[in-house]
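Asker: I need the structure of the sequence given here:
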Amino acid sequence: MEIKTTCQACHCECGVIVEVRDGRVVHIEGDPDHPENQGIMCPKGLSYIDLVYHSDRLKYPMKSVGKRGEGKFERISWDEALDIVAGEFNKIREKYGPEAIGFAWNDGPRTYCIPYTALLYAMGSANSLLVAHICHMPSYIADSLSFGKMVSSEVGPDYVNSRCIMIWGCNPPATHPSKAKQIFEGMARGAKLIVVDPIFTPLASKADLWLQVRPATDDALALGMLHVIINENLYDRDFVEKWCNGFERLTTRVQEYPPHRVSEITWVPEEDIVRAARMYATLKPSSFHHRTALEMHTNTFQSLRAMAILMAITGNIDVKGGNLINSLPKGYKSYFELMTGYDFRPPAEVENKRIGAKEFPVLCGAESFRPFSHLPTAIKSMITGKPYPMKGVFGAVNWITACENAKEAYEAIMNLDFLMISDFFMTPTAELADIVLPAATWLENDDYCDISYLNFFSIRQKVIEPVGECWDEKKIALEIAKRMGIIDRYAIKASSIEEFNDFRVKGMGKTFDEMKEIVYVEEPFKYKKYEEAGFNTPTGKVDLYSTVLEKHGYDPLPYYEENPETPVSTPELVKEYPLILITAGKHIAFYHSANRQIRWLRELNPVPRIDIHPETAEKLGIGDGDWVWIETTKKAQGRVKQKARLTLAVHPQVVHAEAHWWFPERQGELRRQGYWESNINVITPSNPPYDPIVGSTPLNGLLCKVYKVEEN
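Answerer: Take a look at the predicted model:
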């Protein structure tokens, strides 16, 4: 039997056809009719059978029976597990207040945190503990402040109909293959490609123009391009006059960033800055795509704002071939509608208790478009008790690999009163939990998909019964809420998975069972929607000059500021730490720290690697394939090792390390030691200074040294 459903091995959510025999999945392939991927699949989705039936998969609820961190667990029933979870969280609420509980997630997109967030809000807490300050939310908020909607990440670029495609700080062939397919289709139809990246990626090799920007200077480059576009009158005068607020002030600001100055800052040749600006502004329509690599330094937000302004003043917003404003089918409750809708969110007095609400109101406060706690501050609160103690955490998370300064995250977890993790495998973080619950995969649950889509949503339907005693996390959240006596709180919309799924399409006059037969639902797309309704901003226009930022005391216009630790700002460190470190290296086989148990995915990328220029490696006595130590200025945090890969793809002063490494094949104490061996986040910073608006930490652009591991 073949069943159409939607993959969730990562955030792309590709349509798939699954073959099932005798209740087991035997084959997965891409669905050629699905509008997102049109049949293509990445290794993560194709290999998912190996994950579902893996011998190490969690299949039953587990309870820790030793000291935290010993890794000793025993199997228990679901009733016992849920009673323990509900009881422990009620104790924490009574002793410390509901805000002492947080919900955390990062490693698997799964249900995109809707049911667990609902549970958190029903508890009376607003502490949602995503790595939001460095993952997607800065972009979402920057676009929302500018346009009222996200337009520049996966949702928005109309690559296929573009004449010029600009890809900045991302590598879609490795991170979003379905979008890469659309980029290549646009190029085949004649579009020019500009790639801005410190790394000569495979996509950069196909570009008409590659700008090798110095890490963490992207805002200067964007402002330099704005200088060219405005001073050469290449902007869309009609759109700017009718639909942009603050152009005159922007014009004054960009005079501070002539191309010759920007070239000195960014290392990009002046003529390339001018050429890129002219290409993007004149080869219309142009589309723009950036991603999370731009969200990992201390001027993240103003960089993203400058890029939003590039799209706006060239008139490339909501036009065919530009960056589109998404519009999902009417009556459907989308992920973002649920997570941002004020009928779902708690009252302002609860939201303003969220950790970070005072320091970062645009990210964490009650007025935020999609609020999260500031995770580095929340981690510290678990250790220090300030601004108040956080004592309980639940969710689907692997902080030991995902958080900056991973050993601090470990210390924070060890200081909790209670930790509940739901996952597919016993991860480094799950090994520290009090209760570990086995989660169902996307092949074993019913859901909706819309996170990366423009004008449609698709159905994820259960194709097999869950392995062992695995549960859909929606069911886990609802059952905990029932036991805590909070099922009727404002954030909980249903008492069963079926009722919750029906609720999301009730406005369409449908049920989930009826939607399963349809597979996906498209909304006919309409361009220039702003001509009827304006933009969802305070001025009703594109806010080049942001009144919201001004209200909170921030600069309403983008500006460049050197990061706190670079060859320019801290030249005294360069003698000992001469290299610039990029820490966000990814491989298509893995989703953050996930999938390293899957044999044939691991064969694609068996060990952690750091890219080093051959000239640099020769000076350091490092050969291709040598294990090397990587050490930042954060000496107290230690050092990590990865395998050197010599390549001309990096600048001689830059090294590029892979992220989120651990070694699930190891056992016992050796396995726990492996948490710190190669995970680059062991040596990344978690202390201020942060980006002043969204609290981002400087994970890209750090100073480091690299030296060969000498065998004992």
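Asker: Just the pLDDT for the closest residue to Gly668 other than its chain neighbours.
Answerer: Counting by Cβ to Cβ, 6 or more residues apart in numbering, Gly71 is the residue found nearest to Gly668 once chain neighbours are left out, at 7.4 Å. Heads up, the C-betas are built off the backbone N, CA and C, glycines and all. Gly71 carries a pLDDT value of 87.
Asker: Helix or strand: which one has Gly71?
Answerer: Under DSSP states H and E, no helix or strand contains Gly71.
Asker: Just give the number of residues close to it.
Answerer: 17 (other Cβ atoms under 10 Å).
Asker: Which residue ranges of the stretch 451-600 of the chain form strands?
Answerer: With DSSP state E, counting those that start in this stretch as the criterion, the stretch 451-600 of the chain has strands at 456-460, 520-522, 542-543, 579-585.
Asker: can you list contacts of the longest one?
Answerer: If I follow you right, that is strand 579-585. 198-199, 214-215, 292-293, 296, 566-567, 609-611, 616, 630, 632, 651, 653-659, 680-681, 684, 699-706 (Cβ atoms under 8 Å, 6 or more residues apart in numbering).
Asker: Can you go through the residues you listed and name the buried ones?
Answerer: 198-199, 214-215, 292-293, 296, 566-567, 609-611, 616, 630, 632, 651, 654-659, 680-681, 684, 699-706 (16 or more other Cβ atoms under 10 Å).
Asker: In strands, which of the contacts of strand 579-585 fall?
Answerer: 609-611, 630, 632, 654-658, 700-706 (DSSP state E).
Asker: on that earlier part again, how near is the residue nearest to Gly668 to Gln667?
Answerer: Between Gly71 and Gln667 the computed distance is 9 Å (Cβ to Cβ, to the nearest Å).
Asker: Could you measure from Thr6 over to Met508?
Answerer: From Thr6 to Met508 the distance is 18 Å (Cβ to Cβ).
Asker: no, scratch that, I was asking about Pro98
Answerer: Relative to Met508, Pro98 is positioned 34 Å away (Cβ to Cβ).
Asker: do Gly186 as well
Answerer: For Gly186, the distance to Met508 - Cβ to Cβ - is 32 Å.
Asker: Tell me how many other residues surround Lys95.
Answerer: The number of residues near Lys95, taken as other Cβ under 10 Å, comes to 11.
Asker: Distance-wise, check it relative to Asp417.
Answerer: Lys95 is 9 Å from Asp417, by Cβ to Cβ.
Asker: so what sits against both of those two?
Answerer: With Cβ under 8 Å, 6+ apart, Lys95 and Asp417 have common neighbours Lys391.
Asker: Tell me which of Thr6 and Met508 has more neighbours.
Answerer: Thr6 (26 against 15).
Asker: what bridges to that one?
Answerer: Note on Thr6: beta-bridge partners by DSSP bridges are Gly15.
Asker: Counting by contacts, list what the helix-or-strand element of the chain with minimal mean pLDDT packs against.
Answerer: Least confident element among the helices and strands of the chain, by mean pLDDT, DSSP states H and E: helix 668-677 (a mean of 79). The helices and strands touching helix 668-677, judged by 3 or more Cβ pairs under 8 Å, 6 or more residues apart in numbering; DSSP states H and E, are helix 406-414, strand 640-646.
Asker: Contacts for it, please.
Answerer: 69, 71, 400-401, 406-407, 410, 428, 431, 638, 640-641, 661-664, 666, 682.
Asker: Please pick the buried ones from these.
Answerer: Buried, going by 16+ other Cβ under 10 Å: 71, 400-401, 406-407, 410, 428, 431, 640-641, 661-664, 682, out of the contacts of helix 668-677.
Asker: Nearest to Val16 among those residues?
Answerer: Pro664 (25.2 Å; Cβ to Cβ).
Asker: Which stretches in the stretch 451-600 of the chain count as helices?
Answerer: For the stretch 451-600 of the chain, the helices defined by DSSP state H, counting those that start in this stretch cover 473-484, 497-505, 512-516, 530-533, 547-551, 599-604.
Asker: So which elements touch the third one?
Answerer: Here helix 512-516 is seen to pack against strand 456-460, helix 497-505 when contacts are counted using 3+ Cβ pairs under 8 Å, 6+ apart.
Asker: angle of the last one against strand 456-460?
Answerer: Yep, that's helix 497-505 we're talking about. Here helix 497-505 runs at an angle of 170 degrees relative to strand 456-460 (axes from the mean of the first three to the mean of the last three Cα atoms, to 10 degrees).
Asker: just the CA coordinates of helix 497-505, formatted as PDB?
Answerer: What follows is helix 497-505, C-alpha atoms only, in PDB (Å, rounded to 0.1, in the frame of the first residue of the first chain):
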ATOM      1  CA  ILE A 497      -5.300  14.900  19.100                       C
ATOM      2  CA  GLU A 498      -8.300  14.400  16.900                       C
ATOM      3  CA  GLU A 499     -10.100  17.400  18.400                       C
ATOM      4  CA  PHE A 500      -6.900  19.600  18.100                       C
ATOM      5  CA  ASN A 501      -6.400  18.600  14.400                       C
ATOM      6  CA  ASP A 502     -10.000  19.300  13.600                       C
ATOM      7  CA  PHE A 503      -9.800  22.700  15.300                       C
ATOM      8  CA  ARG A 504      -7.100  23.800  12.900                       C
ATOM      9  CA  VAL A 505      -9.300  23.300   9.800                       C
END
